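>>> Need a 3D model of the following:
(one chain, ligands or ions: 2)
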Amino acid sequence: MSASTHSELPVERDASDGASEGSCAPAGCPAVSRVGEVIGDLEIESRIAEGAMGCVYRARRRANGERVAVKILHPDAAAEPVAVERFKREYETAFGFDHPHIVRVRGFGETPDGSYYMTMELLDGEPLSSILSREGKLAPERALRIVCQMASAIEHAHSYGVIHRDLKPANIFLERGPGGTERVKLLDFGSVKLQLETGPKLTAFGTTVGSPSYMSPEQAEGLTELDPRADVFSLAAVAYEMLTGAVAFDGETAAEVLSKILRGTFTPASVREPSLPLGINLVLAAGLRRDKASRTGSAREFAEGLLRVFGLEPDVDGFASASLEAIRGALDSRRSRDITVRVEQESADDEAGGSSAVVWISACAATLVVSAVVAYLVL
Ligand SMILES: Nc1ncnc2c1ncn2[C@@H]1O[C@H](COP(=O)(O)OP(=O)(O)O)[C@@H](O)[C@H]1O
Ligand SMILES: [Mg+2]
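Ligands and ions are numbered 1, 2, ... in the order given. Next up, the predicted model:
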């Protein structure tokens with residue numbers, strides 16, 4: 001990432017040809033689907049996901065047949081200067097990153113109807129939110145690997161002074177690789193701070209932002225001056241959910257969730273999931289601390305703490321690139337080492353217990369002999 005990438009938008013060729021009306025949008029979609037439209041070189045093939053500010057589509061480049069993802073700002077959002085500024089900022093920020101766990105953003109352009117779009121590498125996989133709602137909690141080796149990859153991506157963004165501000169399972173994509181491997185790709189830098197922004201996150205015109213369950217207390221309070229610890233809080237909330245299958249700060253309404261975040265009340269992870277090592281509660285509590293001054297200072301430090309609690313070396317980069325089998329193996333050998341230590345400890349205790357029993361029996365026998373002698377003499 002370089003400063004120059006933030007000053008200019010490499011604009012893709014604008015569409016001028018053949019825009020056509022797409023199929024009808026789903027409930028909640030504020031705009032007509034663009035499936036079937038041609039935007040510049042891009043043929044919009046299908047819709048991937050619908051967001052508050054825009055829609056993500058799969059598209060084909062006419063020039064070379066390459067498949068890409070295109071995020072298009074909703075036309076009504078395009079009429080809002082702050083929304084347009086936010087969209088451009090999202091593009092400029094993400095375009096500047098070159099990191100294996102951050103989505104590659106490629107180009108930016110204007111649609112024939114005056115909206116804007118950005119192109120990205122097309123990822124094959126699904127967001128963590130879908131995996132969690134289908135599978136519940138994840139195996140520790142999988143959760144640890146995801147945390148390490150996230151920590152690496154977050155640290156990269158932080159090293160350029162970029163705070164993501166909206167880390168949540170829907171923005172953590174798990175790309176499917178060869179042999180079923182999965183790789184984190186951090187998405188959606190649409191919440192990075194804008195100079196002209198004064199209010200809370202712009203929503204899609206009346207619709208509410210999703211659950212604030214991963215929002216740091218300082219964001220819940222409405223503060224806009226954030227530092228890396230806001231993302232550390234969100235990372236810890238995501239880790240909690242992956243390891244327990246439960247959301248740390250849950251509630252029927254956004255207000256209920258926010259009040260729990262502000263009070264800092266959540267059920268200890270080991271109560272939700274007793275198979276977790278007890279030390280997990282300390283690591284998660286430190287990451288989720290309400291007061292950021294006493295919260296874990298960086299994403300890497302959080303990931304290191306988590307690895308240590310599972311008895312692993314705090315090698316975040318190593319575990320980010322390790323296979324699941326290797327991490328499982330490391331966890332298993334750690335567990336069997338623990339069991340060996342426990343068995344040795346117990347047998348040492350037993351031996352100690354055994355010799356004290358001998359002492360006790362000898363003492364009783366001696367008492368009996370002495371009592372018998374005393375009784376004989378007295379009588
Ligand atoms: N490059 C991509 N490849 C495949 N799917 C993507 C890509 N980018 C986003 N998505 C999908 O679209 C969803 C919304 O993308 P996101 O960038 O978070 O937009 P929004 O600002 O609407 O939240 C993601 O959760 C993911 O499922
Ligand atoms: Mg998103």
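>>> Next, count neighbours for the residue nearest to R142 when sequence neighbours are not counted.
Residue nearest to R142 in three dimensions, not counting chain neighbours: L324, with 6.1 Å by CB to CB, 6 or more residues apart in numbering. Every residue, glycine included, has its C-beta placed from N, CA and C. When neighbours are counted by other CB atoms under 10 Å, L324 registers 15.
>>> how far away is whichever residue of the chain sits closest to ligand 1 from S130?
Proximity of the chain to ligand 1 (CB to the nearest ligand atom) peaks at G51, 1.5 Å away. Between G51 and S130 the distance is 14 Å, computed by CB to CB, to the nearest Å.
>>> Once you drop chain neighbours, what's closest to E301?
Excluding its sequence neighbours, the residue lying closest to E301 (CB to CB, 6+ apart) is V232, at 8.0 Å.
>>> So that neighbour sits against S298, correct?
Yes. Between V232 and S298 a contact is recorded at 6.5 Å, counting by CB atoms under 8 Å.
>>> Which one's more surrounded, those two?
A direct count of neighbours by other CB under 10 Å for V232 and S298 places V232 higher, at 29 against 17.
>>> Helix or strand next in line after the helix or strand harbouring that one, which one?
Element membership for V232, per DSSP states H and E: helix 228-244. Per DSSP H and E, the first helix or strand lying C-terminal to helix 228-244 is helix 254-263.
>>> What residues sit buried inside that following helix?
Using 16 or more other CB atoms under 10 Å as the test for burial, helix 254-263 gives A254, V257, L258, K260, I261.
>>> tell me the contacts of the fourth one?
Contacts of K260 were listed using CB atoms under 8 Å, 6 or more residues apart in numbering, and they are F249, D250, G251, F266.
>>> distance of it from ligand 2?
Separation of K260 from ligand 2 (CB to the ion, to the nearest Å) stands at 23 Å.
>>> Now do that residue, the pLDDT please.
pLDDT, K260: 96.
>>> Please see if the helix or strand encompassing V70 touches ligand 2.
Taking DSSP H and E as the criterion, V70 maps to strand 67-73. No. Judged by CB under 5 Å from the ion, strand 67-73 makes no contact with ligand 2; its nearest approach is 9.5 Å.
>>> ok so, going back, starting at the chain centroid, how far to the helix holding V232?
Counting by CA atoms, centre = their mean, to the nearest Å, helix 228-244 is centred 6 Å from the centre of its parent chain.
>>> Also stretch 129-141?
In terms of CA atoms, centre = their mean, the centre of stretch 129-141 is found 12 Å from the chain centre.
>>> Can you pull the domain assignment for the chain?
The record's domain split for the chain, according to automatic domain parsing, is 3-121, 125-323+368-378.
>>> Compare these and report which one is nearest to G329.
If you check each of these against G329 by CB to CB, domain 125-323+368-378 wins as the nearest, at 8.9 Å.
>>> Now do the strands in this protein.
38-39, 42-50, 54-61, 67-73, 105-110, 116-121, 125-127, 172-176, 182-186 (DSSP state E).
>>> Packing partners of the fifth one?
Based on contacts counted as 3 or more CB pairs under 8 Å, 6 or more residues apart in numbering; DSSP states H and E, the elements that strand 105-110 packs against are helix 81-95, strand 116-121.
>>> Comparing the ones you listed by mean pLDDT, which bottoms out?
Across the helices and strands packed on strand 105-110, helix 81-95 has the smallest mean pLDDT, namely a mean of 92.
>>> Output the contacting helices and strands for it.
With contacts defined as 3+ CB pairs under 8 Å, 6+ apart, helix 81-95 has these neighbours: strand 67-73, helix 75-78, strand 105-110, strand 116-121.
>>> how does it look with 10 Å?
Packing partners of helix 81-95 (3 or more CB pairs under 10 Å, 6 or more residues apart in numbering; DSSP states H and E): strand 54-61, strand 67-73, helix 75-78, strand 105-110, strand 116-121.
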